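J.: Can you look at this prediction? I've put the sequence above it.
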Amino acid sequence: MVVVGADVHKSTHTFVAVDEVGRKLGQLKVEATSKGHLKALAWARREFGTELTWAIEDCRHLSARLERDLLSAGQLVVRVPPKMMAQVRASARTRGKSDPIDALAVAQAYLREPHLPVASHDEVSRTAKLLTDRRDALVKTRTQRINALLWRVHELDPEHAPKPRSLDLAKHQDALKAWLVTQEGIVAALALEELEDVIELTARIKAKEKELTAHAKEHAPSLVAMDGCAGLTAAKLLGESAGITRFKSEAAFARHAGAAPIPVWSGRTDGRVRMTRSGNRQLNCALHRIAITQVRLKGSLGQAYYEKKKAEGMSNREALRCLKRRLVRTVFNLLTTDHNTHTTVEPTCQTAAA
């Protein structure tokens, strides 16, 4: 087996091939284009055969095109978290930092953790991911506009400041606009412009939310029906999982989501756990929202499990972490069920149409 580690940058990618014990076999630097990716693939096949595993540092936008090109060519691709790569490089005998050193560390990190989830070419989860990221970007921009607007209003008259976290609602927007049009001066004019931006961004955010909810209901209906998991949270889980079938088990999914509690007990403190800061923090955030909602939902299974853990002597945070770990199992099973249902129904529909 030959593992090809990739250190990705905006303009170039550096590849280092290693054998099964981590010895360096060769390296190549190519342009970060599809042509360069195919050149790297041809080099690896020519020098090391067809039994290849591509370990790519998971840098989202920088590695996305490389992943798609390799997956389209039928290659096995594994995403290596940057933190894991950095830990391997820090403990390596080779000192310093360079692109070949980083690519070697990526390959060796995969050899240390051979059960990392493989990448997949899943358009359903990719669509959810792109739409969710776009909505998050719009929300961030609206927050910046609202903050600037609030300072304008404070300068005009602090008593007319809207209620906290209320400017995403039309009635508060209209009330503020009705007052601003009666004011004179450049500050009021700028405040009106910023308010119009907020109104426009709110409309675009709502449109994206409807699109995301419809996408989640179509491809993950079981997840949407889960207590505490609305359409936006379901879309977040669908997009960040990037294809549930790439995980060998719910335990691997929990580790990827950073929801597997880390034991920290010794002696008479057995059973104590703490949170892990590794894993996909977006997945972890979505799981946290579901857990908080279920804890507050009277009569829910989540609330019963949470109270059970507290009765065992756990703190509120420890009980919440255990609940999140339990929710990972449920989310994994529901996503798997929805995936299997979708892939089973779709060919049947195509056959009927033919």
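T.: That came in fine, so what should we check first?

J.: Run through the helices of the stretch 251-354 of the chain in chain order.
T.: Assigned helices in the stretch 251-354 of the chain, in chain order: 281-296, 301-311, 316-353 (criterion: DSSP state H, counting those that start in this stretch).

J.: what would the ones you listed look like in TSV with mean pLDDT, mean neighbour count and distance to residue 247?
T.: The C-beta positions use only the backbone N, C-alpha and C, and glycine is treated the same way. Below are the helices of the stretch 251-354 of the chain laid out as TSV (pLDDT from 0 to 100; neighbours: other CB atoms under 10 Å; distance: least, CB to CB, whole Å):
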stretch	mean pLDDT	mean neighbour count	distance to residue 247
helix 281-296	92	19	11
helix 301-311	91	16	22
helix 316-353	77	16	7
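
J.: Export those helices as TSV, with columns for distance to residue 79.
T.: Formatted as TSV, those follow (distance: least, CB to CB, whole Å):
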stretch	distance to residue 79
helix 281-296	13
helix 301-311	30
helix 316-353	18
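
J.: Residue 188: neighbouring residues, count only.
T.: 18 (other CB atoms under 10 Å).

J.: Name the secondary structure element that contains it.
T.: helix 186-219 (DSSP states H and E).

J.: between that helix and helix 316-353, how many degrees?
T.: 60 degrees (axes from the mean of the first three to the mean of the last three CA atoms, to 10 degrees).

J.: And the helices of the stretch 251-354 of the chain: which comes nearest residue 65?
T.: Closest to residue 65 of the helices of the stretch 251-354 of the chain is helix 281-296 (CB to CB; 20.8 Å).

J.: Now do that closest one: everything it contacts.
T.: Helix 281-296 has contacts (CB atoms under 8 Å, 6 or more residues apart in numbering) with 226-229, 233, 236-237, 240-241, 256-259, 300-303, 306, 320, 323-324, 327-328, 331.

J.: and residue 178, what helix or strand is that in?
T.: Residue 178 belongs to helix 170-180, assigned by DSSP H and E.

J.: For that helix, output the C-alpha coordinates as PDB.
T.: Taking Å, rounded to 0.1, in the frame of the first residue of the first chain, the C-alpha atoms of helix 170-180 are listed here in PDB:
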ATOM      1  CA  ALA A 170     -40.600  43.100  10.000                       C
ATOM      2  CA  LYS A 171     -42.700  45.000  12.500                       C
ATOM      3  CA  HIS A 172     -39.600  46.300  14.300                       C
ATOM      4  CA  GLN A 173     -37.900  47.200  11.000                       C
ATOM      5  CA  ASP A 174     -41.000  49.100   9.900                       C
ATOM      6  CA  ALA A 175     -41.300  50.900  13.200                       C
ATOM      7  CA  LEU A 176     -37.700  52.000  13.100                       C
ATOM      8  CA  LYS A 177     -38.000  53.100   9.500                       C
ATOM      9  CA  ALA A 178     -41.100  55.200  10.200                       C
ATOM     10  CA  TRP A 179     -39.200  57.100  12.900                       C
ATOM     11  CA  LEU A 180     -36.000  57.500  10.800                       C
END
